[in-house]
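Asker: Sequence plus the predicted model coming up.
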Amino acid sequence: KNQVEQSPQSLIILEGKNCTLQCNYTVSPFSNLRWYKQDTGRGPVSLTIMTFSENTKSNGRYTATLDADTKQSSLHITASQLSDSASYICVVSAMDDYKLSFGAGTTVTVRA
Amino acid sequence: DTGVSQDPRHKITKRGQNVTFRCDPISEHNRLYWYRQTLGQGPEFLTYFQNEAQLEKSRLLSDRFSAERPKGSFSTLEIQRTEQGDSAMYLCASSPPGASTEAFFGQGTRLTVV
(Lines give C-alpha, C1' and ligand atoms only; values in the text may rest on other atoms or scores of the structure.)
Protein backbone atom coordinates (compact mmCIF):
# COMPACT_ATOMS: atom_id res chain seq x y z
CA LYS A 1 0.00 0.00 0.00
CA ASN A 2 1.36 3.42 -0.95
CA GLN A 3 1.86 5.54 2.12
CA VAL A 4 3.23 8.98 2.90
CA GLU A 5 4.12 9.94 6.45
CA GLN A 6 5.07 13.42 7.61
CA SER A 7 6.71 14.73 10.73
CA PRO A 8 6.33 16.62 12.90
CA GLN A 9 2.55 16.89 12.96
CA SER A 10 2.89 20.54 13.93
CA LEU A 11 5.50 23.05 14.95
CA ILE A 12 5.78 26.61 16.17
CA ILE A 13 8.69 28.83 15.22
CA LEU A 14 9.61 32.45 15.72
CA GLU A 15 9.61 34.81 12.78
CA GLY A 16 12.98 34.86 11.07
CA LYS A 17 13.97 31.36 12.18
CA ASN A 18 14.46 28.33 9.94
CA CYS A 19 12.67 24.99 10.12
CA THR A 20 12.73 21.62 8.38
CA LEU A 21 9.80 19.32 7.69
CA GLN A 22 10.17 15.62 6.95
CA CYS A 23 8.39 13.23 4.61
CA ASN A 24 8.88 9.44 4.34
CA TYR A 25 7.11 7.43 1.67
CA THR A 26 6.65 3.87 0.53
CA VAL A 27 5.20 4.67 -2.89
CA SER A 28 6.60 2.38 -5.55
CA PRO A 29 7.61 2.57 -8.32
CA PHE A 30 8.35 6.20 -7.59
CA SER A 31 7.54 8.88 -10.14
CA ASN A 32 7.67 12.25 -8.42
CA LEU A 33 7.30 14.03 -5.10
CA ARG A 34 5.64 17.36 -4.54
CA TRP A 35 5.35 19.74 -1.64
CA TYR A 36 2.19 21.82 -1.35
CA LYS A 37 1.34 24.73 0.93
CA GLN A 38 -2.23 24.91 2.13
CA ASP A 39 -3.57 27.97 3.92
CA THR A 40 -6.53 27.41 6.23
CA GLY A 41 -9.73 26.99 4.25
CA ARG A 42 -7.97 27.15 0.89
CA GLY A 43 -6.84 24.65 -1.71
CA PRO A 44 -3.22 23.41 -1.78
CA VAL A 45 -0.73 25.39 -3.82
CA SER A 46 2.34 23.73 -5.31
CA LEU A 47 5.78 24.70 -3.98
CA THR A 48 8.08 22.17 -5.66
CA ILE A 49 7.97 19.00 -7.71
CA MET A 50 10.92 16.60 -7.96
CA THR A 51 11.46 13.53 -10.06
CA PHE A 52 13.76 10.58 -9.35
CA SER A 53 16.85 12.27 -10.77
CA GLU A 54 16.51 15.48 -8.77
CA ASN A 55 17.76 15.71 -5.20
CA THR A 56 17.15 19.37 -4.45
CA LYS A 57 14.88 22.11 -5.68
CA SER A 58 14.30 25.63 -4.42
CA ASN A 59 11.40 28.03 -4.65
CA GLY A 60 12.34 31.27 -2.96
CA ARG A 61 12.81 30.60 0.74
CA TYR A 62 11.60 27.01 0.34
CA THR A 63 14.13 24.28 -0.45
CA ALA A 64 13.10 20.68 -0.93
CA THR A 65 15.45 17.71 -0.91
CA LEU A 66 14.85 14.16 -2.08
CA ASP A 67 16.70 10.95 -1.30
CA ALA A 68 15.09 8.35 -3.54
CA ASP A 69 17.23 5.57 -2.06
CA THR A 70 15.97 6.07 1.49
CA LYS A 71 12.58 7.34 0.26
CA GLN A 72 12.82 10.50 2.27
CA SER A 73 12.24 14.15 1.50
CA SER A 74 12.55 17.33 3.49
CA LEU A 75 11.25 20.86 3.09
CA HIS A 76 13.40 23.60 4.57
CA ILE A 77 11.94 27.04 5.21
CA THR A 78 14.52 29.79 5.57
CA ALA A 79 13.99 33.05 7.43
CA SER A 80 10.35 32.28 8.17
CA GLN A 81 7.68 34.94 7.80
CA LEU A 82 4.24 35.21 9.36
CA SER A 83 2.75 34.35 5.97
CA ASP A 84 4.46 30.96 6.10
CA SER A 85 1.90 29.86 8.70
CA ALA A 86 0.08 27.06 6.89
CA SER A 87 -0.12 23.32 6.44
CA TYR A 88 2.62 21.78 4.29
CA ILE A 89 1.66 18.60 2.52
CA CYS A 90 3.96 16.03 0.92
CA VAL A 91 2.45 14.32 -2.12
CA VAL A 92 3.93 11.34 -3.95
CA SER A 93 2.86 9.70 -7.18
CA ALA A 94 3.81 6.34 -8.63
CA MET A 95 4.70 5.49 -12.19
CA ASP A 96 1.70 4.83 -14.41
CA ASP A 97 -0.64 5.86 -11.63
CA TYR A 98 -2.57 9.10 -11.89
CA LYS A 99 -3.56 9.09 -8.22
CA LEU A 100 -1.63 11.23 -5.78
CA SER A 101 -0.75 9.87 -2.32
CA PHE A 102 -1.02 12.62 0.27
CA GLY A 103 0.60 12.90 3.66
CA ALA A 104 -1.44 14.28 6.54
CA GLY A 105 0.57 17.50 6.48
CA THR A 106 2.66 19.48 8.97
CA THR A 107 1.03 22.56 10.44
CA VAL A 108 3.54 25.39 10.78
CA THR A 109 2.77 28.38 12.97
CA VAL A 110 5.11 31.36 12.74
CA ARG A 111 4.94 33.78 15.66
CA ALA A 112 6.22 37.34 15.82
CA ASP B 1 -8.48 34.11 -13.24
CA THR B 2 -7.45 31.06 -15.22
CA GLY B 3 -7.04 28.70 -12.27
CA VAL B 4 -9.30 25.88 -11.14
CA SER B 5 -12.63 27.28 -10.03
CA GLN B 6 -15.03 25.62 -7.60
CA ASP B 7 -18.56 26.64 -6.74
CA PRO B 8 -19.93 27.17 -4.18
CA ARG B 9 -17.13 27.95 -1.72
CA HIS B 10 -19.33 27.08 1.24
CA LYS B 11 -22.49 25.01 1.56
CA ILE B 12 -24.57 24.35 4.65
CA THR B 13 -27.29 21.78 4.24
CA LYS B 14 -29.66 19.78 6.37
CA ARG B 15 -29.13 16.07 6.76
CA GLY B 16 -30.95 14.16 4.06
CA GLN B 17 -30.78 16.89 1.44
CA ASN B 18 -28.96 16.58 -1.87
CA VAL B 19 -26.10 18.88 -2.81
CA THR B 20 -24.16 19.44 -6.02
CA PHE B 21 -20.76 21.01 -6.43
CA ARG B 22 -19.19 22.28 -9.61
CA CYS B 23 -15.56 22.36 -10.72
CA ASP B 24 -14.20 24.23 -13.73
CA PRO B 25 -10.67 23.00 -14.47
CA ILE B 26 -7.95 24.90 -16.26
CA SER B 27 -8.76 24.80 -19.94
CA GLU B 28 -6.95 22.10 -21.92
CA HIS B 29 -6.32 20.07 -18.76
CA ASN B 30 -7.65 16.65 -19.63
CA ARG B 31 -7.24 15.19 -16.14
CA LEU B 32 -9.62 16.09 -13.33
CA TYR B 33 -9.62 14.81 -9.78
CA TRP B 34 -11.96 15.11 -6.80
CA TYR B 35 -10.60 14.81 -3.27
CA ARG B 36 -12.15 15.05 0.17
CA GLN B 37 -10.32 16.56 3.12
CA THR B 38 -11.34 16.50 6.77
CA LEU B 39 -9.83 18.66 9.46
CA GLY B 40 -6.18 17.88 10.20
CA GLN B 41 -5.90 15.30 7.45
CA GLY B 42 -4.46 15.29 3.96
CA PRO B 43 -6.82 15.05 0.99
CA GLU B 44 -8.26 11.61 0.17
CA PHE B 45 -8.82 10.53 -3.43
CA LEU B 46 -12.45 10.25 -4.51
CA THR B 47 -12.51 9.97 -8.27
CA TYR B 48 -10.58 10.70 -11.47
CA PHE B 49 -11.60 11.72 -14.98
CA GLN B 50 -9.54 11.65 -18.12
CA ASN B 51 -11.49 13.84 -20.53
CA GLU B 52 -15.10 12.75 -20.07
CA ALA B 53 -14.31 9.22 -18.91
CA GLN B 54 -14.46 8.43 -15.20
CA LEU B 55 -11.55 6.03 -14.90
CA GLU B 56 -11.59 5.34 -11.20
CA LYS B 57 -13.86 5.77 -8.25
CA SER B 58 -12.62 5.31 -4.69
CA ARG B 59 -14.34 2.97 -2.27
CA LEU B 60 -14.80 6.11 -0.16
CA LEU B 61 -17.43 7.11 -2.70
CA SER B 62 -20.61 5.39 -1.60
CA ASP B 63 -23.63 4.97 -3.83
CA ARG B 64 -24.86 8.33 -2.59
CA PHE B 65 -22.02 10.05 -4.44
CA SER B 66 -21.90 10.56 -8.18
CA ALA B 67 -19.57 12.59 -10.35
CA GLU B 68 -19.83 13.58 -13.98
CA ARG B 69 -17.76 15.37 -16.56
CA PRO B 70 -20.16 15.39 -19.50
CA LYS B 71 -18.11 17.18 -22.13
CA GLY B 72 -14.65 16.72 -20.74
CA SER B 73 -14.63 20.25 -19.39
CA PHE B 74 -16.39 21.12 -16.11
CA SER B 75 -17.30 18.46 -13.58
CA THR B 76 -20.02 18.07 -10.97
CA LEU B 77 -20.02 16.09 -7.75
CA GLU B 78 -23.43 15.25 -6.29
CA ILE B 79 -24.11 13.89 -2.84
CA GLN B 80 -27.58 12.48 -2.24
CA ARG B 81 -29.21 12.11 1.17
CA THR B 82 -26.35 13.89 2.92
CA GLU B 83 -25.15 12.65 6.29
CA GLN B 84 -23.21 14.47 8.98
CA GLY B 85 -20.15 12.40 8.11
CA ASP B 86 -20.13 14.01 4.68
CA SER B 87 -19.06 17.31 6.24
CA ALA B 88 -15.65 18.07 4.77
CA MET B 89 -13.76 20.18 2.26
CA TYR B 90 -14.22 18.89 -1.28
CA LEU B 91 -11.26 19.72 -3.49
CA CYS B 92 -11.03 19.60 -7.26
CA ALA B 93 -7.74 19.49 -9.13
CA SER B 94 -6.76 19.37 -12.78
CA SER B 95 -3.59 18.59 -14.66
CA PRO B 96 -2.45 18.44 -18.28
CA PRO B 97 -1.48 15.17 -19.96
CA GLY B 98 1.96 13.66 -19.36
CA ALA B 99 3.93 12.23 -16.47
CA SER B 100 5.08 14.38 -13.55
CA THR B 101 2.77 17.19 -14.55
CA GLU B 102 1.60 19.77 -12.08
CA ALA B 103 -1.77 19.28 -10.38
CA PHE B 104 -3.55 22.55 -9.74
CA PHE B 105 -6.16 22.69 -7.01
CA GLY B 106 -9.23 24.81 -6.66
CA GLN B 107 -10.13 26.65 -3.46
CA GLY B 108 -12.44 23.86 -2.43
CA THR B 109 -16.07 23.66 -1.36
CA ARG B 110 -16.61 23.48 2.39
CA LEU B 111 -19.69 21.32 3.12
CA THR B 112 -21.36 21.39 6.51
CA VAL B 113 -24.24 18.98 7.12
CA VAL B 114 -26.38 19.94 10.11
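Answerer: Perfect, I can see it now. Please read all numbers here as calculations on a predicted model, not as lab measurements.
Asker: going forward, measure contacts and count neighbours with C-alpha atoms only.
Answerer: OK.
Asker: who touches residue B:42 in this structure?
Answerer: Residues in contact with residue B:42 (C-alpha atoms under 8 Å, 6 or more residues apart in numbering or on different chains) are A:89, A:102-105.
Asker: out of those, who's near chain B?
Answerer: Among the contacts of residue B:42, the ones lying near chain B by C-alpha under 8 Å from any C-alpha of the partner chain are A:89, A:102-105.
Asker: So in that sheet, which strands flank the lowest-mean-pLDDT helix or strand in chain A, and in what orientation?
Answerer: Counting by mean pLDDT, DSSP states H and E, the weakest-scoring helix or strand in chain A turns out to be strand A:100-102, with a mean of 86. Strand A:100-102 has its sheet partners listed here by DSSP bridges as strand A:86-94 (antiparallel).
Asker: any idea which residue sits dead centre in chain B?
Answerer: When C-alpha atoms, centre = their mean is applied to chain B, the residue found nearest the centroid is residue B:34 (3.3 Å).
Asker: Mind giving me the PyMOL select for the ones next to chain B among the contacts of residue B:42, buried ones only?
Answerer: Selection of buried members from those for PyMOL, criterion 16 or more other C-alpha atoms under 10 Å in any protein chain shown:
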select buried, chain A and resi 89+102+103+104+105
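Asker: how about the nearest residue to residue B:10, chain neighbours excluded?
Answerer: In space, and not counting its chain neighbours, residue B:10 is closest to residue B:110: 4.7 Å by C-alpha to C-alpha, 6 or more residues apart in numbering or on different chains.
Asker: Contacts only, for the one you found.
Answerer: If a contact means C-alpha under 8 Å, 6+ apart, then residue B:110 has A:41, B:9-11, B:87-90 as its contacts.
Asker: Residue 101: how many residues sit nearby?
Answerer: Assuming you mean chain A. Using other C-alpha atoms under 10 Å in any protein chain shown, residue A:101 has 22 other residues around it.
Asker: Oops, wrong one, chain B.
Answerer: So residue B:101, with other C-alpha under 10 Å, has 12 neighbours.
Asker: One more: the one 4 residues further on?
Answerer: Other residues within reach of residue B:105 by the criterion other C-alpha under 10 Å amount to 26.
Asker: mind checking pLDDT for it?
Answerer: With respect to pLDDT, residue B:105 scores 93.
Asker: Please identify the helix or strand for the closest residue to it other than its chain neighbours.
Answerer: Nearest-residue entry for residue B:105: residue B:93, 4.2 Å, with adjacent residues in sequence omitted and distances by C-alpha to C-alpha, 6+ apart. In the assignment (DSSP states H and E), residue B:93 maps to strand B:88-95.
Asker: Sheet-wise, list the partners of the helix or strand just after that strand with their directions.
Answerer: Next along the chain after strand B:88-95, taking DSSP H and E as the criterion, comes strand B:104-105. Strands that pair with strand B:104-105, judged by DSSP bridges, come out as strand B:88-95 (antiparallel).
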